[in-house]
Each structure stands twice: as structure tokens, then as C-alpha cells.
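Novice: Coordinates for the following, if possible.
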Amino acid sequence: QVQLVESGGGLVQPGGSLRLSCTASGFTFKNYVMNWYRQAPEKERELVATISADGSSKNFADSVKGRFTISRDNAKNTVYLQMNSLKPPDTAVYYCHVTRFGRNYWGQGTQVTVSS
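Specialist: Down below sits the predicted model:
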């Protein structure tokens with residue numbers, strides 16, 4: 001079955017950096033668009049970044065443009081989210097996501113807390 005396992009979250013000071021990883025299994029990773037979402041307390045889940053199957057196309061939410069980058073290693077079935085210049089509003093649970101045959105799959109999430 002499809003599994004998405006995130007890692008790399010933690011507590012970081014404002015201005016700091018983190019790199020999240022999501023390792024996928026149960027499907028042909030290299031054929032699918034991958035997404036990172038986040039959900040802050042009492043807020044709706046929002047799309048943060050998207051990467052095409054071959055990694056050539058990337059899109060970002062306006063709130064993270066210029067600070068976050070997304071990449072993937074299809075040989076390792078892994079997608080990454082590099083987060084720089086982190087701000088307190090970036091505090092959220094970050095989720096890896098894929099849509100496959102019309103069904104949405106989510107990882108368990110990894111907590112990112114930006115605080116001094």
C-alpha cells in the first residue's frame with residue numbers, strides 16, 4: 001500500500017533552516033507529482049509546494065516563495081522541502097501528499113516549530 005513517511009521537523013529559531021524529507025513506497029514514485037502541505041493550529045491545511053514527476057517544474061505558495069525550495073530524488077523515492085529564513089508563522093505540521101488514481105494519500109506529518 002501507499003506509504004509516505006516524513007522526517008526532519010523540529011524546533012528552530014526565527015531565521016533558521018530545516019530540511020524535511022518524505023520517503024514514499026507502494027507506488028511508482030517517479031511517475032507522480034508530489035506536494036508538501038502544512039496545517040497550523042486552528043487553520044486549514046494549505047498547499048506549500050509542488051514538484052512535477054521529473055522535478056523540472058516547481059510551484060510555491062506566495063507565503064514561502066524565495067525561502068523554501070522543493071526537490072526530489074527519484075532513485076531514493078524521496079521528496080525534500082528545504083526551508084530557510086523560517087518565521088514563527090511557518091509553525092505547523094507539515095505533510096507530504098500524493099494523488100494517485102483520484103485518491104489522496106498523506107503522511108503522518110512532522111511538526112515544525114519556529115520560536116525563540
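
Novice: so what's Ala61 up against?
Specialist: Glu46, Leu47, Val48, Ala49 (Cβ atoms under 8 Å, 6 or more residues apart in numbering). Yep, even glycine has a C-beta here, placed from its N, CA and C like the rest.

Novice: doesn't Gln39 make contact with the first one?
Specialist: Yes: counting by Cβ atoms under 8 Å, Gln39 is a contact partner of Glu46 at 7.3 Å.

Novice: From Gly16, how far out is the residue of the chain positioned farthest from its centre?
Specialist: What lies farthest from the middle of the chain is Ser116; by Cα atoms, centre = their mean that is 23.0 Å. Remark: distance between Ser116 and Gly16 (Cβ to Cβ, to the nearest Å) = 10 Å.

Novice: Work out for me the element the residue most central in space within the chain sits within.
Specialist: Nearest residue to the geometric centre of the chain (Cα atoms, centre = their mean): Trp36, 3.0 Å. In the assignment (DSSP states H and E), Trp36 maps to strand 34-39.

Novice: Identify each buried residue in that strand, please.
Specialist: Residues of strand 34-39 classed as buried: Met34, Asn35, Trp36, Tyr37, Arg38 (neighbour count, 16 or more other Cβ atoms under 10 Å).

Novice: Likewise for stretch 82-100?
Specialist: Met83, Leu86, Asp90, Thr91, Ala92, Val93, Tyr94, Tyr95, Cys96, His97, Val98.

Novice: mind checking how far the nearest residue to Gln82 once chain neighbours are set aside is from Arg19?
Specialist: Nearest non-adjacent residue to Gln82, counting by Cβ to Cβ, 6 or more residues apart in numbering: Thr69, 4.6 Å away. Per Cβ to Cβ, Thr69 is found 9 Å from Arg19.

Novice: Have a look at these two and say which one is more surrounded.
Specialist: Thr69 (16 against 13; other Cβ atoms under 10 Å).
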